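S.K.: fold the following, please.
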Amino acid sequence: GLSPVVPAQSWLTPRRMKQEALPAFGHWGHVDGAIGVPAGAATPGGAAGAFAALLPEICRETGPVRVLEVSPPDAWAFLLCAAFAGDAAPRRNAADARLAAWRTLAGFADAPDAPPAAVAAFAAGARWYVLDVASAWFTRRARDAALVGHCRTHWAAAAATEA
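M.R.: Residues are numbered from 1 along each chain as shown. A predicted model of the protein is given here:
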């Protein structure tokens, strides 16, 4: 269901996210994440452009970007599934996966110590996009994942691939 888009030109000041801020991807072999100040509207093209600007090493030799805008519950489900996936370590149980997904949402909100209500408000008010990027980074493994979130104050992007 992902649709190809042309990345919008984005002027972002990216800041790297530590892997600890993305625990839903903790069992993936390689994880990358960044946060940046947005330019332009929240659109699929904007999401592709934000992803390319925030994670340039992944998109250095990129081909077409396919984007699917998802609902906040679907973004949560994506993070929950990511917390169970990846082969870098033993799988999590359900409680650990839920906590990892929740903490990753807090990382996307750029508020790791925020109370649960604030994280829930961020997740519900943000626009969410699942991406598939044709690049050497993404095609070197069996499974890959990429999620971009946009709220009024910033973009956040994360990508993961198996070890």
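
S.K.: so residue 72 is in contact with residue 124, correct?
M.R.: Yes: the pair residue 72 and residue 124 passes the contact test of C-beta atoms under 8 Å, sitting 5.1 Å apart. All C-beta atoms are positioned from the backbone trio N, CA, C, and that covers glycine.

S.K.: more neighbours, the two?
M.R.: Ranked by neighbour count (other C-beta atoms under 10 Å), residue 72 and residue 124 place residue 72 first, with 17 against 11.

S.K.: residues contacting the more buried one?
M.R.: By C-beta atoms under 8 Å, 6 or more residues apart in numbering, the residues touching residue 72 are 123, 124, 126, 128.

S.K.: quick check: residue 129 touching residue 45?
M.R.: No: assessed by C-beta under 8 Å, residue 129 is found out of contact with residue 45, at 10.2 Å.

S.K.: those two: which has the busier surroundings?
M.R.: Ranked by neighbour count (other C-beta under 10 Å), residue 129 and residue 45 place residue 129 first, with 26 against 17.

S.K.: so how far is the helix or strand harbouring the more buried one from its chain's centroid?
M.R.: Assigned by DSSP states H and E, residue 129 belongs to strand 127-133. Averaging C-alpha positions (C-alpha atoms, centre = their mean, to the nearest Å) puts strand 127-133 7 Å from its chain's average.

S.K.: which residues touch residue 112?
M.R.: Contacts for residue 112 were tallied using C-beta under 8 Å, 6+ apart; they are 21, 103, 106.

S.K.: so what's it scoring on pLDDT?
M.R.: On pLDDT, residue 112 comes in at 80.

S.K.: surely it is in a strand?
M.R.: No: going by DSSP: H, G, I helix; E, B strand; the rest coil, the assignment for residue 112 is coil, not a strand.

S.K.: for it, give me phi and psi.
M.R.: The phi/psi pair for residue 112 (degrees, to the nearest 10) reads phi -60, psi -20.

S.K.: just to revisit the earlier point, now a ChimeraX select for only the buried ones of the contacts of residue 72.
M.R.: Applying 16 or more other C-beta atoms under 10 Å to the contacts of residue 72, the buried members can be selected in ChimeraX as follows:
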select :123,126,128
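
S.K.: need the contacts of residue 72 in CSV with distance to residue 113 and pLDDT, can you?
M.R.: Shown next, in CSV, are those (distance: C-beta to C-beta, whole Å; pLDDT from 0 to 100):
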residue, distance to residue 113, pLDDT
123, 16, 91
124, 19, 92
126, 18, 92
128, 22, 95
